[in-house]
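Q: can't give you the sequence, but here's the structure:
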């Protein structure tokens, strides 16, 4: 469920915000150059990141003016750092937060630094991730883009903004994840228009808060991934070196987006810095065997039977599937029209259930195909998420009528159980970077 979105006035504009969790400390996320409060929760990795932070804090989220759900502004009047500080104060006042930790992400870091130096009585701690201190290359700041490179980028924005063609450097680990890329393209389109993005970046490239760094007296943590392809790690090191007593933590990985890759490491460092303790292993992530099934030729059969009879058939199919899943001590997650999603705490139970279900539905005059994969999943209230879910779905798509297909992970885990397999060879799974070796379960 989405958190409730509310609005507060900052000057003449309405700023959208959300509050998640009720921990003992307030943590304000100052987003990067564009954001969209509601669309962020549609991506499981993003939602998981926020939920982790809210497990030990009262997490305060907002969209900056001109972006996301907040009031838009003319492209010729994008906000200054001073106006953005006013927005943060307005949101903190609206939620009754007299003092909070600020987490500035990427382009949100400079304003967070300025806010911490200007209003130290309202900032308990400062956390910077993927931070920049200056928007353009200089001899004494030899990182980032030159003015010429910025102009080339601006020229490309109208053609590439909000598409899957651009932005791989922000999340290299997701370069072959088509589902993620489609979501991010939509997220960016909802966050701002091409004209607004150009105006925003023209303002951002003029940012230079280097003279502010030495005046920050708030406890500060600077996080940066070593291979960040959007903001070089040297920029993080520079920022940490010039803030008195700042702690710098270099993390492995090359993603700039904080909620993909090893986001657990980021959350762990933030929690340690703010509370003095590392978080325990996340109970929301478990190893499970995932089963996807699909009725063969469902579209044609639905047309043949008509709406009423097709719905009756689906109901009988779902009842049989639930029975077999319960018998195998699995968890029925949901029905997806012409198939089901279920999870099991052991791969052997998953295979046995798939084979039994395949045989049980045949008297109904239908055939199913099934795919199984074992991997880490995210428990999301009454649903599940994670790459293992995506993988199992793709395995199912490659199964033939009445065939049960498993990944090599599943096959290896049931060695010695008596199941026999036929090697289907290596296959490219849509949206996944690496090929997977698949096996058909023999009768």
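A: Cool, got the structure. Given the structure is predicted, the values throughout are model-derived calculations rather than measurements. Residues are numbered from 1 along each chain as shown.

Q: only C-alpha atoms for contact and neighbour calcs from this point on.
A: Fine.

Q: Now the longest helix along the chain: buried residues?
A: Secondary structure of the chain per DSSP state H: the longest helix is helix 307-327. Neighbour counts using 16 or more other CA atoms under 10 Å place 310, 313-314, 317-318, 320-325 of helix 307-327 among the buried residues.

Q: pLDDT (mean, whole number) over the next helix or strand after it?
A: Next in sequence after helix 307-327, counting helices and strands by DSSP states H and E, comes strand 331-335. Mean pLDDT, strand 331-335: 92.

Q: before we move on, what about stretch 67-81?
A: For stretch 67-81, the mean per-residue pLDDT is 83.

Q: What distance separates the opening and closing residues of that stretch?
A: Terminal residues of stretch 67-81 are spaced 15 Å apart (CA to CA, to the nearest Å).

Q: Going along the chain, name the helices of the stretch 101-250 of the chain.
A: 108-118, 147-160, 178-191, 194-204, 210-213, 233-242 (DSSP state H, counting those that start in this stretch).

Q: got JSON lines for those, with distance to residue 227 too?
A: JSON lines is the format used below for those (distance: least, CA to CA, whole Å):
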{"stretch": "helix 108-118", "distance to residue 227": "19"}
{"stretch": "helix 147-160", "distance to residue 227": "21"}
{"stretch": "helix 178-191", "distance to residue 227": "20"}
{"stretch": "helix 194-204", "distance to residue 227": "23"}
{"stretch": "helix 210-213", "distance to residue 227": "23"}
{"stretch": "helix 233-242", "distance to residue 227": "7"}
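
Q: Of all these, which one comes closest to residue 253?
A: Comparison of these against residue 253 by CA to CA identifies helix 233-242 as nearest, at 10.8 Å.

Q: between that closest one and helix 108-118, how many degrees?
A: Using axes from the mean of the first three to the mean of the last three CA atoms, to 10 degrees, the inter-axis angle of helix 233-242 relative to helix 108-118 is 10 degrees.

Q: ok, now how distant is the residue of the chain positioned farthest from its centre from residue 396?
A: In the chain, residue 363 marks the outermost C-alpha relative to the chain mean, sitting 42.3 Å out by CA atoms, centre = their mean. Residue 363 sits 22 Å away from residue 396 when distances are taken as CA to CA.

Q: Next: residue 15.
A: Residue 15 sits 44 Å away from residue 396, going by CA to CA.

Q: Secondary structure class of residue 291, three-state.
A: Here residue 291 is strand, with the state taken from DSSP: H, G, I helix; E, B strand; the rest coil.

Q: Does it touch residue 350 like I think?
A: Yes - the pair residue 291 / residue 350 is scored as a contact, 6.7 Å apart, by CA atoms under 8 Å.

Q: Report the residue ranges of every domain in this structure.
A: Domains of the chain are assigned by automatic domain parsing as 6-275, 285-441.

Q: hmm, back to that, pick out whichever of residue 15 and residue 396 has more residues nearby.
A: Ranked by neighbour count (other CA atoms under 10 Å), residue 15 and residue 396 place residue 15 first, with 26 against 23.

Q: tell me the SS of that one?
A: When classified by three-state DSSP, residue 15 comes out as strand.

Q: does it have beta-bridge partners, and which?
A: residue 8 (DSSP bridges).

Q: ok, so what distance separates it from residue 77?
A: When residue 15 is compared with residue 77 (using CA to CA), they lie 16 Å apart.

Q: Equivalent analysis for residue 37, please.
A: Per CA to CA, residue 37 is found 22 Å from residue 77.

Q: Pick out whichever of those two has more residues nearby.
A: The residue with more neighbours, out of residue 37 and residue 77, is residue 37; 24 against 12, by other CA under 10 Å.

Q: Phi first, then psi, for the more buried one.
A: For residue 37, the backbone dihedrals (degrees, to the nearest 10) come out as phi -50, psi -50.

Q: quick one, what contacts it?
A: 5, 17-18, 61-63, 68-69 (CA atoms under 8 Å, 6 or more residues apart in numbering).

Q: Buried among these? Make that a ChimeraX selection.
A: The buried residues among these can be selected in ChimeraX (16+ other CA under 10 Å) with this line:
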select :17,18,61,62,63,68,69
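
Q: Would you convert the contacts of residue 37 into CSV that also reports distance to residue 89?
A: Shown next, in CSV, are the contacts of residue 37 (distance: CA to CA, whole Å):
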residue, distance to residue 89
5, 17
17, 12
18, 14
61, 13
62, 11
63, 13
68, 18
69, 18
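
Q: Which of the contacts of residue 37 sits closest to residue 196?
A: When those are ranked by distance to residue 196 (CA to CA), residue 68 comes first, at 11.3 Å.

Q: Just confirm the closest one contacts residue 34, I think it does.
A: Yes - counting by CA under 8 Å, residue 68 does reach residue 34; the two are 7.0 Å apart.

Q: what is in contact with those two at once?
A: Common contacts of residue 68 and residue 34, defined by CA under 8 Å, 6+ apart, comprise 191-192.

Q: overlap in contacts of residue 291 and residue 350?
A: Common neighbours of residue 291 and residue 350, using CA under 8 Å, 6+ apart, are 343, 372.

Q: where does residue 19 fall, helix, sheet strand or coil?
A: Three-state call for residue 19 (three-state DSSP): strand.

Q: residues contacting it?
A: Residue 19 is in contact with 3-4, 58-61, 95, counting by CA under 8 Å, 6+ apart.

Q: Residue 46 and residue 27, how far apart?
A: 16 Å.

Q: okay, these two: which has more neighbours?
A: The residue with more neighbours, out of residue 46 and residue 27, is residue 27; 29 against 17, by other CA under 10 Å.

Q: is it fair to say the more buried one lies in a strand?
A: Yes - using three-state DSSP, the assignment for residue 27 is a strand.

Q: Burial check on the spatially closest residue to residue 192 that is not a sequence neighbour, number of neighbours?
A: Using CA to CA, 6 or more residues apart in numbering and skipping residues adjacent in sequence, the residue nearest residue 192 is residue 67, 5.4 Å away. Neighbour count of residue 67, defined by other CA under 10 Å: 26.

Q: How is residue 67 assigned, secondary-structure-wise?
A: Taking three-state DSSP, the label given to residue 67 is coil.

Q: pLDDT weak spots in this protein?
A: 1, 78, 166-167, 278-284, 381, 433 (pLDDT under 70).

Q: Which of the contacts of residue 19 fall within strands?
A: Here DSSP state E is the test, and those give 58-61 as lying in strands.

Q: biggest strand in the chain, by residue count?
A: Counting residues, the longest strand found in the chain (DSSP E) is strand 368-380.

Q: Can you give me the buried ones in that one?
A: By 16+ other CA under 10 Å, the buried positions in strand 368-380 come out as 368-378, 380.
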